[in-house]
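In: I need the structure of the sequence given here:
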Amino acid sequence: MNWNFESINEFCGGGMMGGMWFFWLILLIIIVVFLFKLVGTPSKSAESAMELLKKRYANGEINKQEFEEIKKTLQS
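Out: Sure, this is the predicted structure:
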């Protein structure tokens, strides 16, 4: 078996049409990778409403009464 290819066209089957499968293969790989990233796990920065409420209370942005009212609303 001779593995001394003179060009990529010879490796891909010769000529423009013979190498088109290589182009479509690369394009398919790029699309699959993009879809996996798009559908991947949600961002770590995504927080639940309750976590945000607790942080606002801890930072003093809301008082205890507001905290309890919002908490009741979220739990219902």
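In: can you pull out the helices in this structure?
Out: Here the chain has its helices, by DSSP state H, at 8-11, 15-18, 20-39, 49-58, 64-75.
In: let me know the pLDDT of residue 29.
Out: Looking at residue 29, its pLDDT reads 94.
In: residues near it, how many?
Out: By other Cβ atoms under 10 Å, the residues close to residue 29 number 10. Where C-beta positions appear, they are placed from N, C-alpha and C, glycine not excepted.
In: quick one: low-confidence ranges for the chain?
Out: Flagging of the chain using pLDDT under 70 yields the residue ranges 1-19, 41-47.
In: got the domain ranges for this protein?
Out: In terms of domains, the chain is parsed into 8-39, 43-76 (source: automatic domain parsing).
In: tell me how many other residues crowd residue 53.
Out: 19.
In: buried set for stretch 52-61?
Out: The neighbour-count check on stretch 52-61 (16 or more other Cβ atoms under 10 Å) flags 53, 57 as buried.
In: list the contacts of that stretch.
Out: 47, 62, 64, 67, 70, 71, 74 (Cβ atoms under 8 Å, 6 or more residues apart in numbering).
In: again, only using 10 Å
Out: Defining contact as Cβ atoms under 10 Å, 6 or more residues apart in numbering, one finds that stretch 52-61 is touched by 47, 48, 62, 63, 64, 66, 67, 68, 70, 71, 73, 74.
In: just stretch 69-76 next, same as before
Out: By Cβ under 10 Å, 6+ apart, stretch 69-76 touches 48, 49, 50, 52, 53, 54, 56, 57, 62, 63.
In: ok, now how distant is the fourth one from residue 36?
Out: Computed as Cβ to Cβ, to the nearest Å, the residue 52 to residue 36 distance reads 29 Å.
In: quick check on the contacts of stretch 52-61: which are buried?
Out: Buried members of the contacts of stretch 52-61, scored by 16+ other Cβ under 10 Å, are 67, 70.
In: and the contacts of stretch 52-61 as TSV, adding distance to residue 20?
Out: Shown next, in TSV, are those (distance: Cβ to Cβ, whole Å):
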residue	distance to residue 20
47	48
48	49
62	62
63	68
64	68
66	64
67	63
68	66
70	60
71	61
73	59
74	56
